[in-house]
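**Student:** Provided below are the primary sequence and the corresponding predicted coordinates.
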Amino acid sequence: MHKTVQLLLVASLCGCVAAAPRPDAGGGQRVDPIPIPLALEEIITTGIRQRLPDPASARFGKMLAGERTLNGRKEIVVCGFVNGKDPSGSYGGDQAFIAKIYPDSGSSFELVAMGGASETRHIVGSTCGAAGLPISDPGLKNQL
């Protein structure tokens with residue numbers, strides 16, 4: 001099951017296909033890093049908050065973004081960390097996330113993966129690194 005989830009995450013982020021790469025594939029899975037302007041930050045934080053038990057409690061950590069074009073469709077890939085209160089009212093620790101925003105489709109938001117388990121954090125970290133968004137895991141310093 002772990003291998004299946006990991007493969008699905010990588011395939012989703014990579015936009016990989018069995019056919020030869022198209023000229024507009026944007027260099028495969030890699031993205032061109034971009035700054036996160038206020039409007040993009042609002043789309044990201046709103047999309048993530050909607051998936052938390054207590055949206056108002058969200059505390060966002062480091063976020064990196066990059067853009068690419070796959071099959072003629074522009075997308076922005078975002079990797080980052082968020083901490084929010086769980087249903088009991090306690091902060092549960094940083095959760096790593098990967099999201100995509102599609103500017104040509106009304107800036108629609110897609111959450112690819114999010115979680116606080118070490119396995120999910122590792123998958124998010126390695127997938128983001130492979131895409132050119134090397135995001136360090138703040139939870140690792142607490143485990144050393």
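**Tutor:** Received it, and whenever you're ready, just let me know what you need. Residues are numbered from 1 along each chain as shown.
**Student:** give me the low-pLDDT residue ranges for the chain?
**Tutor:** 1-28, 138-144 (pLDDT under 70).
**Student:** in it, which residue is closest to the centre?
**Tutor:** Of all residues in the chain, the one closest to the mean position by CA atoms, centre = their mean is Ile98, 1.2 Å from it.
**Student:** any idea what that one is bridged to?
**Tutor:** Beta-bridge partners recorded for Ile98 (DSSP bridges): Cys79, Ala113.
**Student:** now do the same contact list for it.
**Tutor:** For Ile98, the contact set (CB atoms under 8 Å, 6 or more residues apart in numbering) comprises Leu9, Leu13, Val77, Val78, Cys79, Leu111, Val112, Ala113, Met114, Val124, Thr127, Cys128. For every residue, glycine as well, the C-beta is placed using N, CA and C.
**Student:** how about a cut-off of 10 Å?
**Tutor:** With contact set as CB atoms under 10 Å, 6 or more residues apart in numbering, Ile98 has these partners: 9, 12-13, 77-80, 110-114, 120, 123-125, 127-128, 131, 133, 135.
**Student:** for Val124, same thing?
**Tutor:** By CB under 10 Å, 6+ apart, the contact list for Val124 reads 9, 13, 79-81, 95-98, 112-115, 135, 137.
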